[in-house]
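**Student:** Would you be able to build a 3D model of this:
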Amino acid sequence: MPYHLEIEIPFALPERWGNTPRWLKGDMIYSVGFHRVDLLSLGKSPEGRRLYQTEALPAPILRQVQAALLHGLGLSELTRHL
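**Tutor:** Numbers count the residues shown, from 1 in each chain. Below is the predicted model:
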């Protein structure tokens with residue numbers, strides 16, 4: 001379906017999350033408060049400082065995500081504007 005998207009994450013995730021491809025289901029959209037979202041913890045540095053994953057997905061992948069979401073919302077016509 002056009003609202004399903006396999007994403008290859010271009011950076012390493014924490015070991016417990018694995019580094020296999022991920023699937024986005026653009027027809028399953030949820031609302032989440034920013035106060036409930038946190039960065040992925042990578043553990044601690046040799047000095048004891050906490051390390052977090054701060055890399056974002058590149059723009060081409062985000063455009064694919066946007067297109068899948070638009071398909072899931074029944075707004076496929078708008079994908080030509082991405």
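**Student:** can we go C-alpha only for contacts and neighbour counts from here?
**Tutor:** Noted.
**Student:** Return the per-residue confidence for Ala12.
**Tutor:** Looking at Ala12, its pLDDT stands at 79.
**Student:** and what of the one 10 residues further on?
**Tutor:** Reading off the per-residue confidence, Arg22 sits at a pLDDT of 90.
**Student:** could you measure the spatially closest residue to it that is not a sequence neighbour against Leu24, distance?
**Tutor:** With sequence-adjacent residues excluded and distances taken as C-alpha to C-alpha, 6 or more residues apart in numbering, Arg22 is closest to Ile7, at 5.1 Å. Taken as C-alpha to C-alpha, to the nearest Å, the spacing of Ile7 relative to Leu24 amounts to 7 Å.
**Student:** How about Met1?
**Tutor:** For Met1, the distance to Leu24 (C-alpha to C-alpha) stands at 11 Å.
**Student:** tell me the contacts of the residue of the chain positioned farthest from its centre?
**Tutor:** Note on the chain: the largest C-alpha distance from the chain mean falls to Glu47, namely 29.8 Å (C-alpha atoms, centre = their mean). When contacts are counted by C-alpha atoms under 8 Å, 6 or more residues apart in numbering, Glu47 touches no other residue.
**Student:** Per-residue pLDDT of it, please?
**Tutor:** The confidence metric pLDDT takes the value 96 at Glu47.
**Student:** What values do phi and psi take at it?
**Tutor:** In this entry, Glu47 is assigned phi and psi values of phi -80, psi 0 (degrees, to the nearest 10).
**Student:** repeat for the one 3 residues further on
**Tutor:** Main-chain dihedrals, Arg50, degrees, to the nearest 10: phi -70, psi 140.
**Student:** Leu40 is in contact with that one, correct?
**Tutor:** No: Arg50 is beyond contact range of Leu40, at 10.7 Å (criterion: C-alpha atoms under 8 Å).
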